[in-house]
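> Generate coordinates for the sequence data below:
(one chain, ligands or ions: 1)
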Amino acid sequence: MNMPRFWREKQGRYNLVGNRCTNCGTYYFPKRDICPKCHRKSIGKMEEVRFKGTGKVVSWTIVHDAHPDYKDMRPYIMAIIELEEGPRLTGQIVDCSLDEIHTGMRVRDTFRKLSEDGKDGVIFYGYKFRPVKE
Ligand SMILES: [Zn+2]
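Here you go, the predicted structure:
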């Protein structure tokens, strides 16, 4: 992840912020300037939203071969999560054993360190997900 992209996306990464088309009610993450369903009708009607942070796992994979920045964490679970409001995003699942993960598992967001740049000591924070214990 390069720095300009990180800073541009920082607000969304910290807060799980997206937006919603008030014309048709569809939620988006990341934010869209216009609604792909409504096109011109959505101009000026996109409203910023902070997602509740709850959702379910729709698919997942166990990552054994990680980027060197993440080698301390492997193996780890990456999942596609469908938020309660509808958008899907990719996130790491934490506080979950490898045999516990399953499709349909309820999760909620948690604020965690994503990676640390060794030389500069820059720490990237962002959302991850953990199981909701029911
Ligand atoms: Zn729309």
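
> so where do the helices sit in this protein?
3-15 (DSSP state H).

> residues in this protein within reach of the ion, list them.
C21, N23, C24, C35, K37, C38, S42 (Cβ under 5 Å from the ion). The C-beta positions use only the backbone N, C-alpha and C, and glycine is treated the same way.

> who's in contact with the last one?
In other words, S42. Counting by Cβ atoms under 8 Å, 6 or more residues apart in numbering, S42 touches C21, N23, C24, I34, C35.

> Can you list which of these are found in strands?
Mapping those onto strands (DSSP state E) picks out C21.

> What's the ChimeraX line that selects buried ones from the residues of the chain next to the ion?
Here is the ChimeraX command that selects the buried residues among the residues of the chain next to the ion (16 or more other Cβ atoms under 10 Å):
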select :21,23,35,38,42
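
> Just put the residues of the chain next to the ion in CSV and tack on pLDDT.
Formatted as CSV, the residues of the chain next to the ion follow (pLDDT from 0 to 100):
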residue, pLDDT
C21, 98
N23, 97
C24, 98
C35, 97
K37, 97
C38, 98
S42, 97
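
> Return the member of the residues of the chain next to the ion nearest to G53.
C21 (20.5 Å; Cβ to Cβ).

> For the closest one, name its beta-bridge partners.
Beta-bridge pairing of C21 under DSSP bridges involves M46.

> Would you agree it is in contact with K37?
Yes. If you go by Cβ atoms under 8 Å, C21 and K37 touch, sitting 7.1 Å apart.

> Could you tell me which residues touch both of those two?
With Cβ under 8 Å, 6+ apart as the test, C21 and K37 reach no residue in common.

> tell me how far stretch 50-62 is from the chain's mean position?
8 Å (Cα atoms, centre = their mean, to the nearest Å).

> and L89, how many neighbours?
Using other Cβ atoms under 10 Å, L89 has 19 neighbouring residues.

> This protein: strands as residue ranges?
Counting by DSSP E, the strands of the chain are 17-21, 27-28, 46-50, 54-63, 76-83, 88-93, 106-117, 122-131.
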